[in-house]
Each structure stands twice: as structure tokens, then as C-alpha cells.
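Colleague: Build me a model from this:
(chains A and B)
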2 protein chains.
Amino acid sequence: MKDLDIFFAPKTTAVVGASLNPRKVGYMVMENLLQSGYRGKILPINLKGGRWQSLPVYPTLKDARDAEGPIDLAVVAVPAEKVPQIAREAGEAGIAGLLVLSAGFREIGPEGKAREEELLAIVRQYGMRLLGPNVVGTMDMHTPFNATFAAGFPPPGEVAFISQSGALLLAILDYALETQLGFSRFASIGNKADVDETDLLENLLHHEETRVILMYLEDIKRGPEFLQLASKVTREKPVVVLKSGRSAAGAKAAASHTGALAGSDRAYDAALRQTGIIRVDTMDELFLAAWAFRSTRYPKGKRVAVLTNAGGGGILASDAVEKEGLELASLALETKTRLRQFLPPESSVENPVDVLGDADASRYEKAFTLLAADPGVDGLVVILCPADTADPLGTARVLLEKNPAGFPVVASFMGGKGVAEGTVLLQKGAIPTYAFPEQAVKAFAGLYRYGRYRQQSSLPPLSLPEGWTFPAAAREVVERARAEHRKVLLPAEALAVAESFGIPVAGARLATSAKEAGDLADALGYPVVLKISSPDILHKSDVGGVKLGLTDREAVEQAYTAIMEGVERRVPGAALYGVEVQKMLPQGVEALVGMTRDPTFGPVLVVGLGGIFVNLLKEAAFRLVEILTEGDLQEMLAETRLGVLLRGFRGAPPADEAAFLHLLRQVALMLKTFPDLLEMDLNPVLVGEKGAWVVDAKMTIQ
Amino acid sequence: MKDLDIFFAPKTTAVVGASLNPRKVGYMVMENLLQSGYRGKILPINLKGGRWQSLPVYPTLKDARDAEGPIDLAVVAVPAEKVPQIAREAGEAGIAGLLVLSAGFREIGPEGKAREEELLAIVRQYGMRLLGPNVVGTMDMHTPFNATFAAGFPPPGEVAFISQSGALLLAILDYALETQLGFSRFASIGNKADVDETDLLENLLHHEETRVILMYLEDIKRGPEFLQLASKVTREKPVVVLKSGRSAAGAKAAASHTGALAGSDRAYDAALRQTGIIRVDTMDELFLAAWAFRSTRYPKGKRVAVLTNAGGGGILASDAVEKEGLELASLALETKTRLRQFLPPESSVENPVDVLGDADASRYEKAFTLLAADPGVDGLVVILCPADTADPLGTARVLLEKNPAGFPVVASFMGGKGVAEGTVLLQKGAIPTYAFPEQAVKAFAGLYRYGRYRQQSSLPPLSLPEGWTFPAAAREVVERARAEHRKVLLPAEALAVAESFGIPVAGARLATSAKEAGDLADALGYPVVLKISSPDILHKSDVGGVKLGLTDREAVEQAYTAIMEGVERRVPGAALYGVEVQKMLPQGVEALVGMTRDPTFGPVLVVGLGGIFVNLLKEAAFRLVEILTEGDLQEMLAETRLGVLLRGFRGAPPADEAAFLHLLRQVALMLKTFPDLLEMDLNPVLVGEKGAWVVDAKMTIQ
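Modeller: The predicted structure follows:
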């Protein structure tokens, strides 16, 4: 048995706190275990002894072990303060798994937190695994096994659901019971003292009956481990995550709920995306995805044909096709000619193909067969309205039985009772089916994107070049700043650090007098730019701290004086280190390359338009450096309008994308190996026709 | 009886084509009329005569009228080619309304179109009203009356539904029958030969039982009339529209479906928004809105308190609050103190207020009462998960009965059977209730926005100033262009047209003599810039072709001569058209002010960032000029990033918004009164610290 399978398929299960009072959790768990059809041994434990229905109640785990032999799992439903003692007894009795339903731990404050730590220490001491505390429990619909206090047990199926919230698990269970959706395993993970989402993800990777993994998460406990594992799991099975706390407001609620230090949502978004996880925003979408991913017929392309018996449904589907980034397939002339041969004259043989309200199953069948054979069609969205002669059941049979090649199909049988029989049949056959056309198209889009992800070969994360050593110059800068108790590096220092990592920088040098500025300019060659150097000034242009296009020594010396005097007047008291002299760069595109450090996932690379666009557009691409691939770098450019500008916008020549990608690779190298760096802004990075350089840099160290 | 009420509550209804064959529409309509409980007189008409159950069948409408007296409505279910003759007979028999279910008209091509025109001519000749052809029919759940061939009749309620697609009406009906949602009137409008969405909207405005109006539309037939009426209706009742054909792909499907010339979606979007209609994107949202707007408790502000028995549900709601542009209310200290007094220590008394999984109805009641009394809370989202001690029914009672002041409440009772009793009770009491928290928050946001719309006093559309006359200069330009067979005005002509409408213009004018240059400069105001006008000279400054900052007439005249002579000398043989005189503009923000003409709604005003931003951002605000108000102009600025720049971005001084608004008002005046104008681009419009001017203009006439 796989390590964590003891929580889903134990041979022997003890219930500590088994009770005869139907209001108590210890009763409900006993009842659920018995009702589920569990074929393992059930050992109720209660100091009072006696019997639970036909079963003998043992006073302690030791008594039970002595009488009945080894115990795999102890389900614990006693008051929190007694849990550590029970854990110790379980350890002594050689029990491998503890499922602690009891609340009253970390979620209630410092006292509970201490109790949880004590519990965990005991678990570790005996080499046990702990799921909980503060959980609803676990279910396995195939074992079958139900060690929860929930009402109801869904039919067996291929969808697993892991929830950080017990209450949501109960709600989803209650909702799922109304539908025909079958499940494989259910678990709530509560406080995640030991077993967490990463552990269960690994367990489900190896769980054959599970083909789709759904998760509701409020945070991720072990960022790096999760990233490594998830990248692997998503290659085998679709993983759909509803991660809450997306908003600033939501994050506040998340923090007060579980006490978890939630990483910023940007980092989570990058983490889920980079590992191939399907992120959904709402409970509604979670269910939509659960139905969708039971199908494994992934469309090979995004060219959708819509087959409908109602014009209105076809239009709604067409709208959704565009919204989801899919395309309406252009049908082959032959397809249209053959459709025309049997369809009534007022049918549409253009996509969406409208077979009209009086279409029976056989008309659907003919049209379906033709569309599935059209090489320009990657998959079908089939819509059926309950028009008077419609035959939902017959049409469902057609879609299931006349499709030997497994052509991708998603359906919307619109309505309720009028189409119910057909809907149920399609769902049994793993054809995703929805009440509304927009949902069907959304499901199609999800299947297409996931299929494409699985087809792409997985790229390895960027790695360090052979023989690479940490640059001494960067080390020196950090040590000097630390010695001077500065967290923020001077721009010239930041540029020096960047340069030491092989990042091309446009050389700025500090001048502390007009003469020195003139000398530096003479050395760099004209034209040059002068910029104020001060730790107190963020937006240099705004205070007259920048002079561009200085073409001779005289202009440089005058500009030096003008900048120093002007800034002193406008920002009295600011510390002015002098003026930076820099070669004036060619025309080009200004990019921002930044970094923040996420507490869960480490450094996050940020790329977008630079200069004034940063604040105006507030758009950028985000990626975790930990698992950053060459493919990610390419994608980042395409994700924001930076990509548009780099390609040469409105007559400007194309910028040197290769040089910019090289620069990004060096930045990634720096971020990977430079734990002192807390935050960074390279802005602007100038990408010219030939070459890319960091022009200005801010770095904060930790 | 109101004019169109004959389609919903006729005293006498004839069914032409009444059939004894259950597969025929003429049978289904008879069956539905009888089953509905309709208390009016039903007169089956069929040339065969005989009886339909207990009713005598009359061979013709005339026979029926002669025997039974006046007939209000004839429901027509005979083959298309017979319909015109039936219409004529109906007219002769003095029938007021024709409901033509038969298909085979405009939707099948030229032959059908001719037939439809013939039918309409007959209807007009006899002063009848026609609903259809090609419709499912009409229902009134209060009359009760069911003249459709649909299966099923929903319970009476306050929601009306009008559908341009008959099949969607059937699907929605079938879906609605599964829920407890009650309806007032159902109608499909098919080909809209006579009665259209505007007519029915007016009918529903006066229909007392209808409190919410839902529409599925593929196009709008009479744009201006719809705009006038809808603006009025939305002040009385919420109108929710699913307008399909939003995408380019969808629009193509729409065109082939109904042959309707669909206006561009931008114009529809503006039309719905400006008239206060609630636009939804999907069928799902249409139902969500139907449930929401049965409530008339509109939150006065956007500060939401979330009350939940599950942390997870609270976080999901918080995420949704931010996504929908609402705010989590900050609770008063007193509220929190009093919550703390009775809630368990591990509850959260911050918003979202988590009363924990073991909360019973009385704990909900106490918390609800405190939150509803907090002056910082505008409304409540109440979430209930089916935790073991949860009491959905009791909690529903609390929300309904302990809320005498009608505090706005939206609920999410999460799950299925476990919460069903509570859900049903809330829905009966018109508290919108959803399975998922995100839907509840979305409903709250809809109620808030609609309530705010109703509170705002309705502004009149911008009107012409008293004594205004059409500018002769604009007329002359158009006539000259027409005479020369030009559709596109020259830039100078376009500027002259703009100026003639009182729009401040700073574009270049061509002078062909020193005197003319002086005259132009006098008219523009100083300082001015002079530039050589020549197709042969690219870099005007390099050849002495530019003179900046000319501050008086003398300088201008001298500069003219200097430029012409200098350029002639330096570039011998270049074609010199003269010199462009242009007002010297200050620094400022570049805006785009444009116009397109929509076939349904007329001129559309477009405002956004100008210059290179136009193509990069592809964002702009759109408004129909027909019903444009002063408030719209203000909103347009806020809708795009132009607003951000105008307020003074990153240290730039604020631009002259008042001057820009004045300019927009003059533009609106031009668009309202200048039907020759087909398209227009004023780009850039420069908005400086003081003043705003059109710098360049393109206009196309029709």
C-alpha cells in the first residue's frame, strides 16, 4: 500500500471517541464507516467500553491492538486537549496513520498552536503520518471507505477532490449528490500540520481510479516541493485548482481564517500556470471543469464546428468561441455540399451548422459524421434545444455510438426535464454536457488548452552554466551596503551588480563635479545624458534631475550645475551624491525587468513595458524563477504589449528580441543565485535595433 | 385593454389550423390553451369543420365570428402559403391581432420575404397587429393563457421573457420548469414583421404583474424608438438583455440566422448601457439576473458585509466582492464588540464575519441584526454551508422575518438537498439565493448598480442651443467635395468643418502669400509656427523650412518670405505649395475624438487616448449621440486611461478638462446635426493646461 493510502483504504480502522450519541462526531463517523460498505475491520474506541451495535468497544487503542492485531489508521474524534495523549497511545500501538477530526488547534490562536506543535512532535517521534487536525475526514468511493462526519456518500467515479476548507467540502458533496458526478477520493486537509496538498497530490498521481484532480486551496505549504511535483502530475492527469484569496480583500480573510501566510496572488497565478494546473475562479467553474475533464478527448486544434438545431444557440456558441480564444472552423466545400444534399433548404450549412428545430437523431447523425470527417474541424460543440421533434436520447446515442474514432465532442442539451435523459446518457459516456452553450464552449476551450499543454514537450528549468561562480563584485557591493546599513543599493551599485552577472548595462558613472562630468562625457563619447544621483529621489524627471542629448563638454558642465541647483531647490534636504553621466542610447523600446520575492515560491520575474507605461498600463508578465524555462521567457514577451512594441510598432524598426532574451536569461541566473536580493527594478531596459541594455536599476537587499 | 394585451389576454381566441393530429402545431396550441386554464372563448377553425373535443370547429373565421361574436386574436398555424389569405379573412372578420406561428417567411429567402411583405401589407390595410411570423407563441401565466406549441407552462410570477429565438424560449422554459422561478409573460418575436421588441417592452412597462423584464435579442429593429422607450422603462423596472452576436463570429451567425442587419456590438453595448439596461453575456447570467431582480431591495452603497458559517465560503465571497467592484464593509467597533459577546472565541468578528460551522439559526439572527444595524454596511451576503448543525430552514426564516426594515440581503446556501428547504423559502420571499457565493456577490453587485442608476436623476440628452443654425461653411465644404466626387475631405477642409461647428482647432492652414500667412496668424492667435509645404521635402528644418515661436504679424510675414526664398535656394526645383501656419501648441495630452455611424442607432461618439496610444491600447469609450447626456461625457473620460493622463500623470500638470468637455459638446452638436458625416477621426486633440484644440482631422462623408 502506498504511504498515504492508509487514509483511504486501511485494512483496520480504529475510531477513537466512538460514541452512542447521534449528535456526536464519534457517532457519525462510525455510522458512515458502516454505511459506506467498508470491508475492513472497524474498532470503536471509548474508555466507557461496551458495544457499538454489534461491535465490541475497546477502552484504549492498546486494548484493541492486543485483541484484534495491527491497526492501520486511527480516526480521532475526541476533544482537542485529549488528542496529544491519544496520539502517543497510537504511536505506542504501532499505528501508521492518524486522522484527527477534532478542532481546537492552530485555528483558535496561540494555545491551540502550541497544542498542534506538541501533536506534530509526537507524530514525528513515532514515525506516523497525520492528516489534520480540524478536518471533515476522508472518503474513498472505490474502497469503499467513509471516515467523515458528512451526510451522504457520492457514487464512485474518477474525480478526486481535496479541500482546505471542510465546510466547502461538505457543500460540494451536498451539491454533487444532486448530480450524477462520481468521485474517487474526497479529503479535507484542515490545518495541514503534517500531510498537505503536495502529499495528497502525489498520492493521487499514483491512484489509478483517479483521473481528474480537483483542489480548493487557500495557500500552499511547501512551495518548491509543490512546484516540482505538480509539473509532473499535470502531465498525467488534469489538476484543477480553485485558489481563493485572489483579491487583496480575499487575502485578508484567508489570513484570519487559517493563519496561513498567503503568498501574493501573482505568485500563485504564476505557480499554477507554470506547472500546467488549470486555475478556476469560482465554484461554478470548478464543477464545469470536473465534468469537462472526465473526457480525455483533447481537441488537437482550436477550430470548432458548432452543430445546432436552434439558430439562437448557435449564435451564443459563436460568441463564446470568440471569447474563449477559439475559432469557428471554415468548413470544406465538400462538407457543405454534402450537408446541403440532405438538409432542408432553410438550414445553414455554414458553421454554425443549423439542422433546424425539426431535426431528429438521424439528421444529427449525418451532419455529425460529415463534420467529424472534415480535416478543418478539430472538435464539435453540439447544441440541442428541446424543440418539439427533438430527440435528446437518440441524439445522445448517436454522439456516443457513431464516433468510433473518438472525435472530440462537447454538448449543450439546453433545458431541464425535456433533455434530461439525453444529458445523463452523455455524461455516463464521458461526453461533457451542459445546460448552456457558453459552458460547453468553455469546456471545449479547457480541453483544448490542456491537450496542447500535454503535447508540448516539457522544457527543463533554466540552469546555471557549467563552471559558473558567483561574481565577486556583487558580493562586495552587498557587503559594503550592509556595512553602511543600507538596504537600498545606489543606482550605480545596482548597475555594477547587474553587470557582474553578465547583464548588459549602459555604463553610467558618477560625477561629483562639473569638471568630472565633463571628463566622463569626453571619455564616453557624445551625446550623453546626465541624471541626478540621490537615494531620496524616485522620479528623477519630475524634479528636473535629468538632461538628455548633451552634445559637447560645455553643455555637460552647464547641465551638471543646473541639475544640482535645481534639485536642491525643488527637493530641499535630499542627499545628492552627484550626477550620473551616461552615454545617450539609440532609439528603442523601454522595458521593465523586475523581481519580487514571494514567501512561498521565492523570486518572481516580472517583465513588461517600461518608462511611463509601467504605471499607465499596470500590466506585466509574472513567472517563478524556480521553474522558469526558455519557453516562459518567450511567452512573457507575448503576454504584454511589450511584445507588440518589440516587433516594431507603427513603422518603428523591430527591436533586438534576441538581445533582450539574452539579457533576461542573465537576469534569471542572477535571481536564481542571489538570495540577498529582495526586490529589483531594472527600468528602463532599452531594447534597440541592435542590443539591449539596462539603463537604470533599483535593488533592495534583505 | 392595452393594445398588445390582445396577445396575452384576449377575450376570444381563434386557432386557425386547429388539428386533431397530436403531431401538428394546430393540435398542440389547442391543447395548451385548454390546459392552461384560459377562461376566454376558444374557437378552433378548420375547413374540415367537426368538433375539437367538446368545441365546435368552424370552417372559417367569418363563420366563427358570425356564430360567436367578435374575436380578439387569431392564432395562425397553417402552411405559410395560406397565411396571407387567412390574414385577409381575419381583417374582414374585424380581428385585432394575428399571432402567426407558421414558418416559411423571410427566414427562408427571397420567396419567403415577398410573402412576409404581402402579409404585412394586409395587416396594415386592416389596421391589425401581427406578432410573428415564425414564432413559438405567447404565454401569460396570470391570465392564464398559453398560445404556444411548447411543452409545459411555468408557475405565475413577476418575470417576463421576450425571445427573438423560439428555440431558446423553449430551452429556457424547460430549464425554468425545473426551478421555482415564476413568470408573468413569455413571447417569442420571430421575424418581427410588425410587433417587435420595442412594442413588447412598452406593453410590459404597463403590465402590472411584470416586475422584471428579460430579453434575448439578436438585433433591435427600430433603434431610435427603442432608445427613447428603454430609457423610460428602466426607471420603472429592471430590463435584462442577453444580446447575442457580440463577437465578429457571432455576428456572422446572427446575420445568416435572421437576415437582420446587426449593428456593431460597440453600438449595442452603448445603447444598452446608456438606456440603463442590464446587459448579460450568457444564459447563465440571464437566469442569475432573473432571480436577483425579483428583489427590489437595492443596496444604497457598495459596502458589503459577508456573514458565513464557513471560512472558505467567506474567502470566495471576498474575492468576488473585489472582482465585482464592491467593497468589504469596515465594521463599527461597537458591532465587533457586540458580536464578540456571543460568538465563540474562534469566530471572526472582522468582515467576513464567520459564525462557525456549528452556528444555528439564532446565532445567524443575532449577527444578522447587528450587521444590518451597522451604518457602515450597505447590504449583506449571507453564506450557509451544510455543516452538521446548520439549520438552513431556520436561518432562511430569520433572514425573512427578522428584517422588517427591508435591509438588502443576498444569500448563498451552498449545496443541494441539504439546503434545499431553506433555498426555496428564501426564493419565495424574494431574497436572491444561489448555490455558490460568487453568484450571490454578482447578484448583489447587479442590484447595487441598478439601484444607483434609479437614484440618479435622469439627465436629458444634450440639445441644440437656442437659435442655432447649421453652419454655412460646413455645407460649402461638403458641396465642394461632392462636386469633385470626393468622399474623404482634405485635412484642411475637415478642420474648417470642425471650426464651423465651434470646435477649437489648431491645425495647420496653407498660406500662399506673406499677407495670407499674416491673416491666418492673426485669426489663430500668437505665437504661431510656420512650416514649408512641399511634397519634395522630408526634413523641413534642415533646409530652413521651419520657423517657431513667431509672436506678431510682422515676424510672420518676414518668416514667410525667408522660408520660401531659403528653401528655393537650398532645394532648387522642389514643388513649393506655400507655407503652413499653425498655432504653436503647449505641451499636453493627446486625445482621440472619433465617430462612426451605426445603421441601427446612428452616430457613435468615440473618445480615448490619441497618438500612438490609439493602436497600442485599443481602448476607447463609446456613446450613442442620439441620447448622449452631459453625464456621459464625464463618464467617457473616466472610462479609459485618457482620464488618468488628463488628471496629470506622474508630475505633469493637470490638463484642461473643462476645455476638453466643451470641445466634446461641440463635437456632439456637430454629430447630431450633420447627417452627411459618415466617419470622423479628430486625432490628436491636444489638451493643454489651458485649452484644447483639434490638431489633425479626417472626415468621410456619405
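
Colleague: what about the residue most central in space within chain A, distance to chain B?
Modeller: With distances taken as CA atoms, centre = their mean, A:Leu272 lies nearest the centre of chain A, 2.0 Å away. Using CB to the nearest CB, to the nearest Å, we find A:Leu272 at a distance of 15 Å from chain B. Where C-beta positions appear, they are placed from N, C-alpha and C, glycine not excepted.

Colleague: and that residue, how far is that from A:Leu671?
Modeller: 20 Å (CB to CB, to the nearest Å).

Colleague: And A:Ile612, by the same measure?
Modeller: Counting by CB to CB, the gap from A:Ile612 to A:Leu671 is 25 Å.

Colleague: Can you name the secondary structure element that comes next after the lowest-mean-pLDDT helix or strand in chain A?
Modeller: Using mean pLDDT, DSSP states H and E, helix A:248-258 stands out as the lowest-scoring helix or strand of chain A, at a mean of 50. Sequence-wise, the next helix or strand downstream of helix A:248-258 (DSSP states H and E) is helix A:265-274.

Colleague: just for the stretch 401-550 of chain A, where's the confidence low?
Modeller: Applying pLDDT under 70 to the stretch 401-550 of chain A flags the ranges A:507.

Colleague: Please enumerate the strands of it.
Modeller: Taking DSSP state E, counting those that start in this stretch as the criterion, the stretch 401-550 of chain A carries its strands at A:409-413, A:433-434, A:508-511, A:528-533, A:546-550.

Colleague: Next up, identify which helix or strand the residue lying farthest from the centre of chain A is on.
Modeller: Within chain A, A:Glu554 marks the point farthest from the mean C-alpha position, 56.6 Å out by CA atoms, centre = their mean. Secondary-structure element containing A:Glu554, defined by DSSP H and E: helix A:553-570.

Colleague: elements contacting that helix?
Modeller: helix A:514-524, strand A:528-533, strand A:546-550, strand A:578-583 (3 or more CB pairs under 8 Å, 6 or more residues apart in numbering or on different chains; DSSP states H and E).

Colleague: Can you get me a residue count around the nearest residue to A:Ser163 once chain neighbours are set aside?
Modeller: Of all residues not flanking A:Ser163 in the chain, A:Leu169 sits nearest, at 4.0 Å (CB to CB, 6 or more residues apart in numbering or on different chains). Neighbour count of A:Leu169, defined by other CB atoms under 10 Å in any protein chain shown: 27.

Colleague: Give the full set of residues in contact with A:Leu169.
Modeller: Contact partners of A:Leu169, counting by CB atoms under 8 Å, 6 or more residues apart in numbering or on different chains, are A:Val136, A:Ala150, A:Phe161, A:Ser163, A:Phe186, A:Ser188, A:Tyr216.

Colleague: what pLDDT does the fourth one get?
Modeller: Listed pLDDT for A:Ser163 reads 97.

Colleague: What residues does the stretch 451-600 of chain A have near chain B?
Modeller: A:His539, A:Ser541, A:Asp542 (CB under 8 Å from any CB of the partner chain).

Colleague: Let me have those in JSON lines, adding neighbour count as columns.
Modeller: What follows is these, written out as JSON lines (neighbours: other CB atoms under 10 Å in any protein chain shown):
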{"residue": "A:His539", "neighbour count": "11"}
{"residue": "A:Ser541", "neighbour count": "14"}
{"residue": "A:Asp542", "neighbour count": "14"}
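
Colleague: For chain B, state which of those residues is nearest.
Modeller: For those, the minimum distance to chain B (CB to the nearest CB) is 3.5 Å, reached by A:Asp542.

Colleague: before we move on, the earlier item: which one of the residues of the stretch 451-600 of chain A next to chain B sits closest to A:Thr640?
Modeller: For those, the closest approach to A:Thr640 (CB to CB) belongs to A:His539, at 21.9 Å.

Colleague: in stretch A:95-110, what's buried?
Modeller: A:95-108 (16 or more other CB atoms under 10 Å in any protein chain shown).

Colleague: is it anywhere near chain B?
Modeller: Yes - counting by CB under 8 Å from any CB, contacts between stretch A:95-110 and chain B involve A:Ala103, A:Glu107, A:Ile108, A:Gly109.

Colleague: could you say which helix or strand contains the closest residue in space to A:Phe407 that isn't next to it in sequence?
Modeller: Setting aside the residues directly before and after it, A:Phe407 is nearest to A:Ala372 in space (CB to CB, 6+ apart), at 4.2 Å. According to DSSP H and E, A:Ala372 maps onto helix A:361-373.

Colleague: And that helix, how far out from the chain middle?
Modeller: 38 Å (CA atoms, centre = their mean, to the nearest Å).

Colleague: With just CA atoms, put it into PDB.
Modeller: Extracted in PDB, the C-alpha atoms of helix A:361-373 (Å, rounded to 0.1, in the frame of the first residue of the first chain):
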ATOM      1  CA  ALA A 361     -31.400  12.000 -34.300                       C
ATOM      2  CA  SER A 362     -30.600  10.700 -37.800                       C
ATOM      3  CA  ARG A 363     -30.200  14.300 -39.200                       C
ATOM      4  CA  TYR A 364     -27.800  15.000 -36.300                       C
ATOM      5  CA  GLU A 365     -26.000  11.800 -37.100                       C
ATOM      6  CA  LYS A 366     -25.400  12.600 -40.800                       C
ATOM      7  CA  ALA A 367     -24.300  16.100 -40.000                       C
ATOM      8  CA  PHE A 368     -22.100  14.900 -37.200                       C
ATOM      9  CA  THR A 369     -20.400  12.300 -39.300                       C
ATOM     10  CA  LEU A 370     -19.600  14.800 -42.100                       C
ATOM     11  CA  LEU A 371     -18.300  17.400 -39.600                       C
ATOM     12  CA  ALA A 372     -16.100  14.900 -37.800                       C
ATOM     13  CA  ALA A 373     -14.600  13.900 -41.100                       C
END
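
Colleague: Now that helix: average pLDDT?
Modeller: Rounded mean pLDDT across helix A:361-373 is 96.

Colleague: quick one, the following helix or strand past that helix and strand A:409-413 angle?
Modeller: Counting by DSSP H and E, the element after helix A:361-373 in chain order, helix or strand, is strand A:379-384. Angle of strand A:379-384 versus strand A:409-413, following axes from the mean of the first three to the mean of the last three CA atoms, to 10 degrees, is 20 degrees.

Colleague: residues touching A:Ala445, list them.
Modeller: Counting by CB under 8 Å, 6+ apart, A:Ala445 has contacts A:Lys302, A:Glu324, A:Gly325, A:Leu326.

Colleague: one more time with 10 Å
Modeller: A:Ala292, A:Pro299, A:Lys302, A:Val304, A:Ala320, A:Val321, A:Lys323, A:Glu324, A:Gly325, A:Leu326, A:Val410 (CB atoms under 10 Å, 6 or more residues apart in numbering or on different chains).

Colleague: count of residues packed around A:Ala121?
Modeller: By other CB under 10 Å, neighbour count at A:Ala121 equals 11.

Colleague: correction: A:Glu679
Modeller: Counted with other CB under 10 Å, A:Glu679 comes out at 16.

Colleague: again with A:Lys300
Modeller: 13.

Colleague: Grab the nearest non-local neighbour of it.
Modeller: Using CB to CB, 6+ apart, the closest residue to A:Lys300 is A:Asp378 (5.4 Å).

Colleague: What about the one you found, how many residues nearby?
Modeller: 22.

Colleague: tell me the phi and psi of it?
Modeller: phi -90, psi -20 (degrees, to the nearest 10).
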